[in-house]
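give me coordinates for this.
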Amino acid sequence: MAAREAASDCVVDALTNHWWCQNKPGIRGRWAGQTVGHLNSATSWFTCRYEGDPTGGDGRHPERWIHTLDDTHLQNHGGWGFVKDSDVIEETTPLPRC
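Next up, the predicted model:
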């Protein structure tokens with residue numbers, strides 16, 4: 001997708017060390033293969049990136065997951081989970097590794 005390749009980088013908040021990125025609204029947060037919540041907004045903060053398991057999504061980084069606290073929690077996991085890199089519009093390479 002051309003817009004994905006032209007995307008800018010996520011921006012870090014130096015006070016909280018959270019990385020703010022544009023994302024698709026309504027995306028699922030997952031943990032151990034289960035949906036644990038959703039991101040409702042089109043801009044969210046993330047903590048780090050995990051390289052490894054295939055996401056099933058397309059995009060630049062098909063094996064990258066981005067760690068965050070979901071806006072809506074569905075399970076008793078505290079709302080923490082991972083979203084597919086392909087659901088984040090901005091480039092996530094600047095995020096630290098988890």
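
what stretches of the chain score poorly on pLDDT?
1-7, 76 (pLDDT under 70).

strands of that one, start to end?
Here the chain has its strands, by DSSP state E, at 11-13, 18-22, 27-31, 34-39, 43-46, 48-51, 64-69, 72-73, 80-84.

hey, what's the residue nearest to the spatial centre of the chain bridged with?
For the chain, the residue nearest the mean C-alpha position is I66 (3.6 Å; CA atoms, centre = their mean). Here I66 sits in beta bridges with R49, V83, going by DSSP bridges.

state the number of residues packed around the closest residue to H77 other than its chain neighbours.
Ranked by CB to CB, 6 or more residues apart in numbering and with sequence neighbours excluded, the top spatial neighbour of H77 is V36, at 4.6 Å. C-beta coordinates here come from the backbone N, C-alpha and C atoms, glycine included. For V36, the tally of surrounding residues (other CB atoms under 10 Å) stands at 21.

thought V36 was touching W80?
Yes. Judged on CB atoms under 8 Å, V36 makes contact with W80 at a distance of 7.4 Å.

intersection of neighbour lists for the two?
Where contact means CB atoms under 8 Å, 6 or more residues apart in numbering, the residues bridging V36 and W80 through contact with each are G29, D70.

the residue nearest to the centre of the chain and L95 touch, don't they?
Yes. In this structure, I66 is within contact of L95 by CB under 8 Å, at 6.9 Å.

now for those two: what residues contact both?
F46, C48, R49.

would you list those in JSON lines and tack on distance to C21 and neighbour count?
What follows is the shared contacts of I66 and L95, written out as JSON lines (distance: CB to CB, whole Å; neighbours: other CB atoms under 10 Å):
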{"residue": "F46", "distance to C21": "6", "neighbour count": "23"}
{"residue": "C48", "distance to C21": "12", "neighbour count": "16"}
{"residue": "R49", "distance to C21": "11", "neighbour count": "22"}
